[in-house]
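J.: below are the sequence and a predicted model; questions follow.
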Amino acid sequence: MSSSSETAATQATWTPDRPIVSIHGVHKRFGDFEVLRGVTFDVMKGDVVCVIGPSGSGKSTLLRCINALVPIDEGSIQVAGQEVHDPKLDKLALRKKVGMVFQQYNLFPHKTALQNVMMAPIQVLKQDKAEVRERALKLMKKVRLNGKEDAYPGELSGGQQQRVAIARSLAMNPDVMLFDEVTAALDPETVKEVLVTIRDLAEEGMTCMLVTHEMGFAREIADMMYFTDNGVIVESGPPKEFFANPRDARTKEFLGQIL
Amino acid sequence: MSSSSETAATQATWTPDRPIVSIHGVHKRFGDFEVLRGVTFDVMKGDVVCVIGPSGSGKSTLLRCINALVPIDEGSIQVAGQEVHDPKLDKLALRKKVGMVFQQYNLFPHKTALQNVMMAPIQVLKQDKAEVRERALKLMKKVRLNGKEDAYPGELSGGQQQRVAIARSLAMNPDVMLFDEVTAALDPETVKEVLVTIRDLAEEGMTCMLVTHEMGFAREIADMMYFTDNGVIVESGPPKEFFANPRDARTKEFLGQIL
Amino acid sequence: MVRGFFNTIYLSLICLALSVVIGLVGAWLQGSPLKWTRRIVQGYIQLFRNTPPLVQMYFFFFALGSLMPRMENEYGIMEPVLSNWHWAIISLSFFAGAFNVEIFRSGIEAVPRSTVEAAESLGYTRLKTYIYVVLPLAFRVCLPALNNNLVNLVKTTTLAYAIAVPEMLYVANQIWSDSVNVPEMMTFLLLAYVVLVGLLVHVMNRWERAMRLPGYGV
Amino acid sequence: MRAAGERLYGTTDLPVLLPPGERLLRRASRERTDGVPRLTLKAWHGAVIAAVVLLAAAAAQAQGAAEARPGVLTALWKWVPLLVEGFLFNIAISFLGMGIGTALGTVLGVMQISLLPPVRAGSWIVTQFFRNAPWLVLLFFCMFLLPFEFRVMGFVVPFPDWVKATLGLSLPVMANVSEIVRGAVQSIPSGQWEAAESLAFSRRQTLVQIILPQCIKRMLPPWMNLYAILTMATVLASVVGVSEVMTLTQRVLSAESRPELLVPFYGFVLLLFFMYCYPIARFTHKLELRYVVKL
Amino acid sequence: DVLDKVMERGTLVVGVKADYKPYGFLNPDGDIVGIEPDLAQDVADTLGVELELVPVVASNRMQFLDQGKIDLMIATMTDRPDRRKVVNILNPDYYSSGTNIIARKSAEFDEWEDLEGVPVCGIQGAFYNRKTQREFGAKIVGFTGTSEALNALQQGRCAAFVYDDSFLASRLQEAEWSEYNMPLQTIDDAPWGLAVKHGEERFARFMSGMVVKWHVDGRIVELEKEYGIKPTPFTQRMHELFSGFVPKEEG
Ligand SMILES: Nc1ncnc2c1ncn2[C@@H]1O[C@H](COP(=O)(O)OP(=O)(O)OP(=O)(O)O)[C@@H](O)[C@H]1O
Ligand SMILES: Nc1ncnc2c1ncn2[C@@H]1O[C@H](COP(=O)(O)OP(=O)(O)OP(=O)(O)O)[C@@H](O)[C@H]1O
Ligand SMILES: [Mg+2]
Ligand SMILES: [Mg+2]
């Protein structure tokens, strides 16, 4: 398979003791507006990183840069030792390593839940259908959706859809999962369902980057917290410290708003 | 004015020491599905009541029944002594007494913020334009939107739109305000803005019924908490007790989910 | 009359199929990176959308028809290779096709960018995204508009009478100038078309319903 | 429950009413900041028009070159005033037909959303019937079943052909407008109705004050599209002998008795329509961008 | 009755063809001219009223007369029994034409039977198509106007064009049509009649008188010459028959 040889090639330059995602001095402009203004941080394999910050501070943009959905203007982003910013980069190879789950789920509405999960491995990785199916069924179970395989996205609740989206990304066997406000607009119980799923993943050692507004969850799950404002990382640290003793004034203000 | 004579007539049978909203054994079915299955409680004038509960438990439906937006199948709902369920009911008179703010704001997009606030008093209550205008300007100030009078809804942020919607309802001088998840889908800072506005109202003695998922807020503002599940009220009580010592298993489970 | 009825159906079916093909190809060409390809398609659309189909038909038949190569036929006349049937089919298909291009294009544009992104982040290439995600969705979005246009097309086949294609109106016209019963013929025509179009609407609606995305709200 | 998109876009007769994509959204926001829809008639639009003229003339010259008779363009020039006059007549018919059709169609459309089931069903049937019947056939009906004059209280009100043709054309317009109105009203989120209701607006007030004003913007593009379609349909009046541009062209052609003139004359008619309808189409497109997205 | 109405109104409304050169066609001013409008003018002059011409087509001319939209129809209408039931076709007929075809000389048609199965252009709804189709088995390809049909013939869409003989004869005089001829015998010589509404006896009698008068003083032959067509045998015969007979004038 092309994907496995790919992985072998890049792993030659990357060892597990180095950060799996390494972001360095990243700038991103949309026209005149500079969304990211020099963001730098590293994520180690198996870490769970939470990014919080006010609306419009560039959190989603950052995740999208990591996944090469938007090009960056300056700086460097490396995933497993491979430069994302490289114009010669094989985007498809990168995306096989990085899974992304969106706030709006973005499921394919014309396919059932199971088909949504199976599509990419079959059509992109050209894997064997029966094999993929078996794996997809396992994933559905993992996100606690067994029984809903044949439902269309329109027939699922928000939380269920969100979990299908997670399973869909997992089916590609990524090294890193990016979650962009996956629980906004869900009710507390559904939020819980989704978060439990993510926690399971984290416990299995998946590298996760989350953008979230759920402080309670961030506090429980994160190995590292990052607070962004105006395109820069204002403060970071392990959650206990971060929530108990924010040093920066802006962080204090933001955390103060939370009821 | 017909409205004032109305009020006089109904106030004859209602005294401020009796509940302003009195709900008794309300059942509501959509087709085969029974959304409300015998809901009973009272709201005293000036009280702030919060209704919480899982998604689909009938919270929105209950508010909509109080406002006669949907008819009920059984039971009785009285607002200021007047039966809402009465087929001969003058719905318009009722709605002058009950204001409602929706999750999706539902502002009129073809009118400016100020016009949105002024429309109903002028066209429904036939009040004097200059007078209404003055009052509307005061309301805009009250919801901290002075300066945004001439903006169209499309030009306002979510939180600002939500506050215009509140002002619009207040302009009708209602006796009771119903708020249906007015802060879902807003970011934490905007949530704060809207909640401060509601707190101001509560402090001025307005009777408020809120459906919310914001436990922190509910705890702070509510005089009474109600927990609904499956179309019935499972538990109720003053917030301190309610949050500290939930008696019912279902309530315990629900509150346990909240991070 | 029965012949005319079946000719109308035949003409309609062929034009329906062709116009859909033209629409698909045109929409695909409109997404082309070549500026001139897009412009030519755009010119085609505007020209056909903004002129009366009746006049188009004449123009096609008489102007372009005369430029066509000829072949000797069984009567020893040099006959153009394309008959009036062909021209009716061509001009009606191109007319409806011009609308279809726009319909398909807006259907494609209606597919949310975020869904395309989701596919891309799963490693789909552009072409695969198109085939597996964009087109199936676009097709569902534009189905109602497509239905309407196709209904219009069936109604427009009456115009083929102008270049002597024996469809229903032509046949009716022959009969009523012979015998003096215009109102009866008109009633028949009206009913025939209402039935025909009603049938098409019914079939398309069933199809639309079958293609409906369960619970999909956009 | 029908999907929102279907409700919004599936109910008009006009193909261009689809949700705009993001490219369009961006263009729309640019135009909104400008405040006016930019009606750009770029150079190549002119080139297309010129090409049509040249094509028509060239084809004609090619055919007519061998003749010793006056040139094709001379012949065409001689008749231009008459043809243009005929075309103005087409425009007059289209204006009138649109006016009548819109007035009737709006009423019919509002009836389609009435709370009374019989009214709703009745207006639905009427709408569907006139929407599905071919324009030409409706035209014939009006031509032959309406009297040529009315007697109102002793006065004889003449009822000329072109009025009948106008009525015949306004029937399908009515049905389409009815659908446009219904589609637009149903495309307004139900939250608007509820909000108005909870503010104690009556149904009539809600419709007049809240819903219809929001609809107008949405209806404008399909309505203008319909107008262009109607304009192009006015040539159908030739079939029933109304002296509009197509009829005149045919008469002129038989007066000239020169078959080679056929192509330039029809080319000229095409050109007339294109020059009238194309700017309308562009403008409609601009409006569409402005309004479909705004709400 | 109509006559009174016409006199009262001061205008005579006549339905004529506007797409049938030379019987009725447009001039660049948009007026209808030709043999039939001239005849209509004669009638109006005789009555001392204004003339108003209404263009008619085959499919609406009888309805118009029946509805009273026109008072009189002079619209190249063939006199046929089934039409006599609908409108009052006057005696005597004022004109006549035969059915004939033009075809490329190379086509070599000798008799009508040769047309069996051959595509023949015609005008939609024209009388001439009838026999050609029914008795000789030609495949009629009907167009809306003569220009269209002639163009189609030139393009080779049909082997011949069937229409009225005098129209075809005048075409053949033009250089453009030198490749073509009228190879067959004119058949089906059918008279054309003026028509008024049934029940209008007085007006019918008056109009019959007008027709007789035209035949007597050779007006129609004169007009044929004026519009550049060869006088048809029918009009000449009628002129000979009627000359010397002086009609009693009415009105
Ligand atoms: N494609 C784009 N073109 C122009 N501006 C953009 C684009 N995408 C994002 N932006 C702008 O960049 C800024 C950051 O956007 P981003 O979505 O990253 O914010 P965010 O931190 O995720 O906010 P939220 O919490 O509301 O999701 C915003 O001001 C947004 O308007
Ligand atoms: N018009 C309707 N027709 C049929 N079912 C309905 C209708 N409105 C609501 N329901 C159903 O009634 C149930 C209760 O709905 P309701 O909106 O009151 O829930 P809720 O408690 O407000 O939930 P949420 O927190 O998600 O807003 C849901 O299962 C919903 O599907
Ligand atoms: Mg974001
Ligand atoms: Mg709700």
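T.: All right, it came through fine. Ligands and ions are numbered 1, 2, ... in the order given.
J.: can you give me the helices for the chain?
T.: This is for chain A. A:2-11, A:59-66, A:91-97, A:113-123, A:129-142, A:158-170, A:188-203, A:215-221, A:239-244, A:249-257 (DSSP state H).
J.: to clarify, I was referring to chain D.
T.: D:4-9, D:22-34, D:43-64, D:72-112, D:117-132, D:135-145, D:161-187, D:190-198, D:203-205, D:212-233, D:245-256, D:262-292.
J.: can you check which of those gets nearest to residue E:234?
T.: Judged by C-beta to C-beta, the one of the helices of chain D that comes nearest to residue E:234 is helix D:245-256, at 22.7 Å. The C-beta positions use only the backbone N, C-alpha and C, and glycine is treated the same way.
J.: other SSEs contacting that closest one?
T.: If contacts are counted by 3 or more C-beta pairs under 8 Å, 6 or more residues apart in numbering or on different chains; DSSP states H and E, helix D:245-256 sits against helix D:72-112, helix D:262-292, strand E:19-20, strand E:24-26, helix E:146-155.
J.: can you list contacts of it?
T.: Contact partners of helix D:245-256, identified using C-beta atoms under 8 Å, 6 or more residues apart in numbering or on different chains, comprise C:52, C:54-55, D:75, D:79, D:82-83, D:85-87, D:89-90, D:235, D:237-238, D:241, D:261-262, D:265-266, D:269, D:272, E:18-21, E:25-27, E:30, E:55, E:144-148.
J.: in chain C, where is pLDDT below threshold?
T.: C:1, C:66-82, C:175-182, C:213-218 (pLDDT under 70).
J.: could I get the full set of strands for it?
T.: Ranges of strands within chain C are C:70-72, C:78-80, based on DSSP state E.
J.: what ranges do the helices span in chain E?
T.: Under DSSP H, chain E gives helices at E:2-9, E:35-47, E:61-67, E:81-86, E:129-134, E:146-155, E:165-172, E:201-217, E:219-226, E:233-242.
J.: in TSV: those, plus mean neighbour count and mean pLDDT.
T.: TSV is the format used below for the helices of chain E (neighbours: other C-beta atoms under 10 Å in any protein chain shown; pLDDT from 0 to 100):
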stretch	mean neighbour count	mean pLDDT
helix E:2-9	15	86
helix E:35-47	20	90
helix E:61-67	20	80
helix E:81-86	12	83
helix E:129-134	19	79
helix E:146-155	25	82
helix E:165-172	20	80
helix E:201-217	19	88
helix E:219-226	18	86
helix E:233-242	17	84
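J.: before we move on, the earlier item: quick one, which of the helices of chain D gets closest to ligand 2.
T.: Evaluated over the helices of chain D, closeness to ligand 2 peaks at helix D:190-198, with 9.7 Å, by C-beta to the nearest ligand atom.
J.: does that closest one reach ligand 2?
T.: No: residues of helix D:190-198 contacting ligand 2 under C-beta under 6 Å from any ligand atom: none, with a closest distance of 9.7 Å.
J.: which strands and helices sit next to that helix?
T.: Counting by 3+ C-beta pairs under 8 Å, 6+ apart, helix D:190-198 packs on strand B:98-101.
J.: gap between the closest residue to residue D:203 other than its chain neighbours and residue A:77?
T.: Counting by C-beta to C-beta, 6 or more residues apart in numbering or on different chains, residue D:203 lies nearest to residue D:115, which is 7.5 Å off, once chain neighbours are set aside. Distance, residue D:115 to residue A:77, by C-beta to C-beta, to the nearest Å: 59 Å.
J.: and the helices and strands packed on helix D:245-256: which comes nearest chain C?
T.: Using C-beta to the nearest C-beta as the measure, helix D:262-292 is the one of those that comes nearest chain C, at 3.8 Å.
J.: just to revisit the earlier point, list buried residues within the contacts of helix D:245-256.
T.: Neighbour-count burial (16 or more other C-beta atoms under 10 Å in any protein chain shown) applied to the contacts of helix D:245-256 gives C:52, C:54-55, D:75, D:79, D:82-83, D:86-87, D:89-90, D:235, D:237-238, D:241, D:261-262, D:265-266, D:269, D:272, E:18-21, E:25-26, E:30, E:55, E:144-148.
J.: show me where chain C has helices.
T.: Using DSSP H, helices in chain C cover C:2-30, C:35-49, C:53-58, C:65-67, C:84-110, C:113-121, C:126-128, C:135-156, C:168-178, C:182-211.
J.: would you reformat those as TSV and include distance to chain B?
T.: Output for the helices of chain C, formatted as TSV (distance: least, C-beta to the nearest C-beta, whole Å):
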stretch	distance to chain B
helix C:2-30	30
helix C:35-49	30
helix C:53-58	37
helix C:65-67	53
helix C:84-110	21
helix C:113-121	17
helix C:126-128	32
helix C:135-156	23
helix C:168-178	45
helix C:182-211	20
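J.: right, and these - which one's nearest residue A:192?
T.: Using C-beta to C-beta, the helices of chain C put helix C:113-121 closest to residue A:192, at 24.3 Å.
J.: not counting its neighbours along the chain, what's nearest residue C:159?
T.: residue C:54 (5.0 Å).
J.: isn't the one you found right next to residue D:236, touching?
T.: Yes: counting by C-beta atoms under 8 Å, residue C:54 touches residue D:236, with 6.7 Å between them.
J.: residue D:115 and residue A:77: who's more crowded?
T.: When residue D:115 and residue A:77 are compared for neighbours, residue A:77 comes out ahead with 22 against 7, by other C-beta atoms under 10 Å in any protein chain shown.
J.: which residues are in contact with the more buried one?
T.: With contact set as C-beta under 8 Å, 6+ apart, residue A:77 has these partners: A:21, A:22, A:23, A:24, A:26, A:65, A:66, A:83, A:84, A:85.
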